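J.: Quick one, structure for this:
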Amino acid sequence: VIFIPVISWQKDREIHRLNIKRKEQLQEVFPEFIGKIILLLDAGLSIRNAMFYIVQDYQKKPCVKKNYLQEELNYICRKMKNGLSEKEGYELLAKRCNLPCYKKLSGMLIQHLQKGGNSILYELRNESLKAGEEEKRRMQKKGEEMGTKLLFPMILMLGIVMIFIMVPALFSFQI
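T.: Sure, this is the predicted structure:
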């Protein structure tokens, strides 16, 4: 009976950790994803066909680790093939990913569907630049965190080096 809350807390922590990992991975692959969309739109595909092409491309590549964006796009494209409208599909993408960058992308795609026009490529390129800058900031922050995490092992190594230097020096003074 005592272990039930502990097990529940442990499972809760694991779910929270997996959710954070999922969000980080979705954030990481966003610049690549938006770059693929831009490339395919420049090639002449519609947004819907670009999404289907990206899903097919993901399925061709063998994945070593779990790709959450691939799962979400695969789910949404299956729904769209089964009758879900494009607008609802993009809304579903924003809802399932639940990140500001995907919500903004979804809003831009829905607005393009409703109003039309050629400005979608310009807007996507601007969003791609912003995503690239955000990626740089995130990588810089990760680098700073790694430097902090490596501080303790570096202090231990300094202590070992000091011992290697001091022991022979102390033995030389005893002669």
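
J.: Name the residues of stretch 19-29 that are buried.
T.: Judged by neighbour count using 16 or more other C-beta atoms under 10 Å, the buried positions of stretch 19-29 are 22, 26-27, 29. In this view, the C-beta of every residue, glycine as well, is placed from N, C-alpha and C.

J.: How about stretch 93-110?
T.: For stretch 93-110, a neighbour-count test (16+ other C-beta under 10 Å) marks 93-94, 96-97, 101-102, 105-106, 108-110 as buried.

J.: longest helix anywhere in this protein?
T.: Counting residues, the longest helix in the chain under DSSP state H turns out to be helix 3-42.

J.: For A94, which non-adjacent residue is closest in space?
T.: Counting by C-beta to C-beta, 6 or more residues apart in numbering, S106 is the residue found nearest to A94 once chain neighbours are left out, at 3.6 Å.

J.: Any chance of the backbone angles for that neighbour?
T.: Recorded main-chain torsions at S106 are phi -60, psi -40, according to degrees, to the nearest 10.

J.: for the nearest residue to L99 once chain neighbours are set aside, what are its contacts?
T.: Taking C-beta to C-beta, 6+ apart as the measure, L99 lies nearest to L26, with 5.8 Å between them; neighbours along the chain are not counted. Contacts were defined as C-beta atoms under 8 Å, 6 or more residues apart in numbering; by that measure L26 touches 68-69, 72, 97, 99, 102.

J.: now do I15
T.: Applying C-beta under 8 Å, 6+ apart, we find I15 in contact with no residue.

J.: quick revisit: quick one: the residue nearest to L99 and C63, what's the gap?
T.: To C63, L26 is 15 Å away according to C-beta to C-beta, to the nearest Å.
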